[in-house]
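Peer 1: Build me a structure from this.
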Amino acid sequence: MTALPGNVQEQPQRSSTILSAFTSNWFVIVMGWGGMLDVVARVWGTKGVMTGWIETGVWINSSIFAILIAIWLTRWFVSPDRMWAELTHPALSHFFGLIPISMTIIGLNWSLMGAEFGPAVLHPIINVMWLLSVGIGLLFSIIITDALMRQGQSNPAQVSFAWLMGSVANALFPLLGNVVVSEEFKHSLGWARFVNVVDIAYFGMGLFLFIFLTSFLFSRYFSAPQPPSAVTPTSWLLLGAAAVLSLGVWGIAASSVRVGLMAPTSLSLLLALSLWGLAGWSFLLGLVMTLRVWFMGQLHFTLSWWAFVFPISAYVLDSRQLGAAGHIGWLDGWSDAFIVMMFLFFVIVLTGTVVGLVTGRLFHSKG
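Peer 2: Coordinates of the predicted model:
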């Protein structure tokens, strides 16, 4: 299981069954794998020799998602009380944001499958994934926020950068929405404009949740004891959130111009580059926090290590997009170093996950 903050006594009673070990945090695998695929497609393309690799990767990630969503839905039927307790728990609840995030990632991955499937297959998949993402994402966001507001004073041990999951989700949905707009605006302008307006609204949710929650999180880290070392990888979600927001603002602006909702403006590029700068700072902060815990010998492998992969992939995609948009050539070279880092983390985390599955450690880990 992914490292979770808080005392074990304060969490819902653990079940000894393997089924109960597959909590929502397992979807972080889909998030990390999908981000890596998007980077590969952006940097090396989806044609020629890369077609087979991309398609294989998409099928693998889709299979992982299908297995996990089947188990997750089964848990709702088998133990609805436990699932509701997790959804409203101050520490566990944020990982439910991985469900709509994974749906968005799968939609983005399938948008790369044009060499194998035509629009008649891909367009419905992408549209359905976008609809499910924004619907489930909004539902979970309201339930989780309401539960947090009713708990009263929060336990500092249960507060970590995992709280940014909701802002990452709301900022990520428009990335898939931009794909929908680009594919649909010639065939159904009304639907494309609707998607674009909804995307703008969700970007606003993600941006302001990021501002509000980051302020709260920094206040907690400044004034309370250091959180459990097992949640250190979640600090990289600060990088992921900023990079996804930067990707989103430029993509939404381009989509809005495409459907005639607004005129071109340089303000979107200014904001995107500003958020890109924040993402870079967040990377350095997360790196320092991680290295400090590692040197202390307290950074043990859990599924939360996948949080190292997706934020870097988002930062790479953001750097490439802004480099092209602003004609900033050196950003390609800058992103190359992070591509190497992303693959290094991907291999390490994938190996750790496979070993953990084979040995059963992931089913018995407290963190």
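
Peer 1: List the buried residues in whichever helix or strand Ala66 is part of.
Peer 2: Assigned by DSSP states H and E, Ala66 belongs to helix 50-78. Buried residues in helix 50-78, counted by 16 or more other C-beta atoms under 10 Å: 50-51, 54-55, 57-58, 61-62, 64-65, 68-69, 71-72, 75. From N, CA and C alone the C-beta is placed, and that goes for glycine too.

Peer 1: The stretch 101-250 of the chain: strands as residue ranges?
Peer 2: For the stretch 101-250 of the chain, strands defined by DSSP state E, counting those that start in this stretch do not occur.

Peer 1: quick one, helices of the stretch 251-367 of the chain?
Peer 2: 267-295, 309-325, 330-359, 361-364 (DSSP state H, counting those that start in this stretch).

Peer 1: just those: most buried one?
Peer 2: Among the helices of the stretch 251-367 of the chain, helix 309-325 has the highest mean neighbour count (mean count of other C-beta atoms under 10 Å), at a mean of 25.

Peer 1: tell me the average confidence for that helix?
Peer 2: What helix 309-325 shows for mean pLDDT is 93.

Peer 1: in the stretch 101-250 of the chain, which spans are helices?
Peer 2: For the stretch 101-250 of the chain, applying DSSP H, counting those that start in this stretch gives helices covering 119-150, 165-184, 189-223, 237-258.

Peer 1: Any chance of those in a markdown table with mean neighbour count, mean pLDDT and distance to His300 as columns?
Peer 2: Below are these laid out as a markdown table (neighbours: other C-beta atoms under 10 Å; pLDDT from 0 to 100; distance: least, C-beta to C-beta, whole Å):
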| stretch | mean neighbour count | mean pLDDT | distance to His300 |
| --- | --- | --- | --- |
| helix 119-150 | 16 | 92 | 27 |
| helix 165-184 | 27 | 92 | 22 |
| helix 189-223 | 17 | 91 | 21 |
| helix 237-258 | 26 | 91 | 19 |
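
Peer 1: Could you export those helices as JSON lines, including distance to Arg320?
Peer 2: JSON lines is the format used below for those (distance: least, C-beta to C-beta, whole Å):
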{"stretch": "helix 119-150", "distance to Arg320": "21"}
{"stretch": "helix 165-184", "distance to Arg320": "14"}
{"stretch": "helix 189-223", "distance to Arg320": "20"}
{"stretch": "helix 237-258", "distance to Arg320": "10"}
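
Peer 1: Identify whichever of the ones you listed lies nearest to Leu291.
Peer 2: helix 237-258 (14.6 Å; C-beta to C-beta).

Peer 1: What is that closest one packed up against?
Peer 2: Packing contacts for helix 237-258, counted by 3 or more C-beta pairs under 8 Å, 6 or more residues apart in numbering; DSSP states H and E, involve helix 165-184, helix 189-223, helix 267-295, helix 309-325.

Peer 1: Same list, those, but as CSV with distance to Val39 please.
Peer 2: Formatted as CSV, the entries for the helices and strands packed on helix 237-258 read as follows, by distance: least, C-beta to C-beta, whole Å:
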stretch, distance to Val39
helix 165-184, 13
helix 189-223, 21
helix 267-295, 15
helix 309-325, 5
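
Peer 1: Met31: which of the ones you listed is closest?
Peer 2: Taking those one by one with C-beta to C-beta, helix 309-325 is closest: 4.7 Å.

Peer 1: Pull the distance from that closest one to the chain's centre.
Peer 2: Offset of helix 309-325 from its chain centre (C-alpha atoms, centre = their mean, to the nearest Å): 14 Å.

Peer 1: before we move on, what about stretch 142-155?
Peer 2: On C-alpha atoms, centre = their mean, the centre of stretch 142-155 falls 22 Å from that of its chain.

Peer 1: And for it, what's in contact with it?
Peer 2: The contact list for stretch 142-155, computed with C-beta atoms under 8 Å, 6 or more residues apart in numbering, reads Gly6, Glu10, Leu87, Thr88, His89, Pro90, Ser93, His94, Phe96, Gly97, Gly166, Arg220.

Peer 1: Try it again at 10 Å.
Peer 2: Stretch 142-155 has contacts (C-beta atoms under 10 Å, 6 or more residues apart in numbering) with 5-7, 10, 84, 87-97, 158, 163, 165-166, 209, 216, 220, 224.

Peer 1: filter these to the buried ones?
Peer 2: Among these, those classed as buried by 16+ other C-beta under 10 Å are 5-6, 87-97, 158, 163, 165-166, 209, 220.

Peer 1: returning to what we had before: and Glu116, which of the helices and strands packed on helix 237-258 is closest to it?
Peer 2: Of all the helices and strands packed on helix 237-258, helix 165-184 sits nearest to Glu116, with 16.0 Å by C-beta to C-beta.

Peer 1: Helix 119-150 and the closest one, what's the angle between them?
Peer 2: Compare the direction of helix 165-184 with that of helix 119-150 by axes from the mean of the first three to the mean of the last three C-alpha atoms, to 10 degrees and you get 160 degrees.

Peer 1: just the CA coordinates of helix 165-184, formatted as PDB?
Peer 2: Taking C-alpha atoms only, helix 165-184 is exported to PDB below (Å, rounded to 0.1, in the frame of the first residue of the first chain):
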ATOM      1  CA  MET A 165      -4.500  15.400  -5.300                       C
ATOM      2  CA  GLY A 166      -7.700  17.300  -5.800                       C
ATOM      3  CA  SER A 167      -6.100  20.300  -7.400                       C
ATOM      4  CA  VAL A 168      -4.000  18.000  -9.600                       C
ATOM      5  CA  ALA A 169      -7.200  16.300 -10.700                       C
ATOM      6  CA  ASN A 170      -9.100  19.400 -11.500                       C
ATOM      7  CA  ALA A 171      -6.200  20.900 -13.400                       C
ATOM      8  CA  LEU A 172      -5.600  17.600 -15.300                       C
ATOM      9  CA  PHE A 173      -9.100  17.100 -16.600                       C
ATOM     10  CA  PRO A 174      -8.800  20.000 -19.100                       C
ATOM     11  CA  LEU A 175      -5.800  18.300 -20.700                       C
ATOM     12  CA  LEU A 176      -8.100  15.600 -21.900                       C
ATOM     13  CA  GLY A 177     -10.800  18.200 -22.600                       C
ATOM     14  CA  ASN A 178      -8.300  20.000 -25.000                       C
ATOM     15  CA  VAL A 179      -8.000  16.700 -26.900                       C
ATOM     16  CA  VAL A 180     -11.800  16.500 -27.100                       C
ATOM     17  CA  VAL A 181     -12.000  20.100 -28.400                       C
ATOM     18  CA  SER A 182      -9.300  19.500 -31.100                       C
ATOM     19  CA  GLU A 183     -11.100  16.400 -32.300                       C
ATOM     20  CA  GLU A 184     -14.700  17.600 -32.200                       C
END
